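Asks: No letters, just coordinates:
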């Protein structure tokens, strides 16, 4: 069996028409069609809600709470746990596969593979002059990445289009051994620069706002609040740009969907269609104003919920939806299982093959997510969060799908909280997150105020 692994950055699950998340129209026919051709995992969760640790986890097979890679901006090579362990690509290459990596697939993680074909992604450069949305500006007039609007580039000049072209060319080649083609598109990662025609798909008057509660952070512990950039939410709201921001995101989704569709069409028209496993994932989810957040890097549903779908000839049936809580860590053992390869002993995930055959099969594994040492566990009906200092959140998703009411400490939910808490690794089992490349402290933990004597000593040392 060949493998085609497609990765879309920052893609949340709106396009799969979850009515509790977004009631507006999402134009993503190619990804939606692929979901209908096999098994869609409705409750799939990232191992970490930012790019580097998520991709490091599902490509290495090692959970972030073991590797220490649980945030961006770290030297992944400093993780002693990862040293010498074969990556997903290495396992397939050692078994005789032709391997490619086009675009944003790994992110700071050395997979230990010399690829047979490769192409790096490039961010779409900002247009000349002022930021398109009028607010994405920091000191000195520099445009930040949080911008959106019609790009000044022709579509043929855009990196994601060229990455799709490379994947199509790889599929169309004559192959004398099985292939593992991976292609990762950058959109809808910020900045949301796309050709105007994709923005035109979403007239402003037709944009729907996701369900948002303005006081949603009131019952959140300090650590959880610190994960949210409320200043950016204020900018978007104060400038009346809520619908424009969502338009930029949705247009970027449609742009990626179009080019992923071109790759899928190339496979359909090739002799490899019935001998190729197709997997499409997002590395994590994305907030669009929920809990006043406009990015990922939280432990709530919007950031942790990931797109995951499989089409496996001879295994999956069309139009199957699985609601079991699964993890992107399960990708590595599943692909090895499907390709009949020996699974390395270090893998922390579990093969999804039983669920690919029967979406209602028993499944006892919870989905655990970690960010900077903070942890969350998701079951089919609930979510429990434990921050580094021991403060917690608990949500009964059967009655509260938006996670608006933190039930932690509510006596009625004490038994549920105890059970979910027991599913998480103990504090002593969690590896200290690696320091940043700049040597900084953990970026999501409030610093304790210095005592007066410490401040005096610091002033004395400066003198």
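Replies: Great, that's in hand. Predicted, not measured: the structure shown is a model, and the values here were computed from it.
Asks: ok now do residue 184, which residues does it touch?
Replies: 6, 7, 8, 9, 102, 103, 104, 105, 121, 163 (C-beta atoms under 8 Å, 6 or more residues apart in numbering). Every residue, glycine included, has its C-beta placed from N, CA and C.
Asks: Name only those of the residues you listed that count as buried.
Replies: Buried members of those, scored by 16 or more other C-beta atoms under 10 Å, are 6, 7, 8, 9, 102, 103, 104, 105, 121, 163.
Asks: Now do the fifth one, the pLDDT please.
Replies: It refers to residue 102. pLDDT, residue 102: 98.
Asks: and it, what element?
Replies: In this assignment (DSSP states H and E), residue 102 forms part of strand 98-103.
Asks: so how far is that strand off the chain centroid?
Replies: 20 Å (C-alpha atoms, centre = their mean, to the nearest Å).
Asks: Likewise for stretch 85-94?
Replies: With C-alpha atoms, centre = their mean, you get 22 Å for stretch 85-94.
Asks: likewise stretch 410-425?
Replies: 26 Å.
Asks: Kindly report the same for stretch 396-411.
Replies: Going by C-alpha atoms, centre = their mean, where stretch 396-411 is centred and where its chain is centred differ by 24 Å.
Asks: coming back round to it: the buried ones among the contacts of residue 184 in strands, which ones?
Replies: Under the assignment DSSP state E, the buried ones among the contacts of residue 184 contribute 6, 7, 8, 102, 103 to strands.
Asks: would you turn the residues you listed into CSV with distance to residue 223?
Replies: As requested, these are arranged in CSV below (distance: C-beta to C-beta, whole Å):
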residue, distance to residue 223
6, 34
7, 29
8, 29
102, 38
103, 34
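Asks: quick check, nearest of those residues to residue 208?
Replies: When these are compared for distance to residue 208 (C-beta to C-beta), residue 8 wins out at 21.4 Å.
Asks: Pretty sure residue 188 is one of the things the closest one touches, is it not?
Replies: Yes - taking contacts as C-beta atoms under 8 Å, residue 8 lies within contact range of residue 188: 7.5 Å.
Asks: Could you pull out the residues contacting both of these two?
Replies: residue 256.
Asks: wait, doesn't residue 166 sit right on residue 117?
Replies: Yes - counting by C-beta under 8 Å, residue 117 is a contact partner of residue 166 at 7.2 Å.
Asks: Give me the more crowded residue out of those two.
Replies: Shown here are residue 166 and residue 117; by other C-beta atoms under 10 Å, residue 166 has more neighbours (19 against 16).
Asks: Quick one: the helices in the stretch 301-450 of the chain, in order.
Replies: Secondary structure of the stretch 301-450 of the chain (DSSP state H, counting those that start in this stretch): helices at 301-304, 331-338, 353-357, 414-421.
Asks: Nearest the middle, which residue of the chain would you pick?
Replies: residue 284 (1.5 Å; C-alpha atoms, centre = their mean).
Asks: which non-adjacent residue is nearest it?
Replies: residue 46 (4.0 Å; C-beta to C-beta, 6 or more residues apart in numbering).
Asks: In this model residue 279 seems to touch residue 309, though I could be wrong.
Replies: Yes - Residue 309 lies in contact with residue 279 (C-beta under 8 Å); the separation is 7.2 Å.
Asks: Looking at those two now, which is surrounded by more residues?
Replies: Per other C-beta under 10 Å, whichever of residue 309 and residue 279 has more neighbours is residue 309, with 26 against 21.
Asks: Helix or strand with the lowest mean pLDDT in the protein?
Replies: Within the chain, no helix or strand scores below helix 452-462, which has a mean of 45 by mean pLDDT, DSSP states H and E.
Asks: could you measure the nearest residue to residue 20 once chain neighbours are set aside against residue 105, distance?
Replies: Ranked by C-beta to C-beta, 6+ apart and with sequence neighbours excluded, the top spatial neighbour of residue 20 is residue 401, at 4.3 Å. According to C-beta to C-beta, to the nearest Å, residue 401 stands 32 Å off from residue 105.
Asks: Dump the contacts of residue 184 to TSV, plus distance to residue 266.
Replies: Compiled in TSV, those are given as follows (distance: C-beta to C-beta, whole Å):
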residue	distance to residue 266
6	12
7	17
8	17
9	21
102	13
103	16
104	20
105	18
121	19
163	13
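Asks: Hmm, which of those residues is lowest in pLDDT?
Replies: residue 121 (94).
Asks: State the distance from it to residue 45.
Replies: 24 Å.
Asks: Can you name the two of the ones in strands among the buried ones among the contacts of residue 184 that sit furthest apart?
Replies: Every pair of these checked by C-beta to C-beta; the farthest is 8 and 102, at 13.1 Å.
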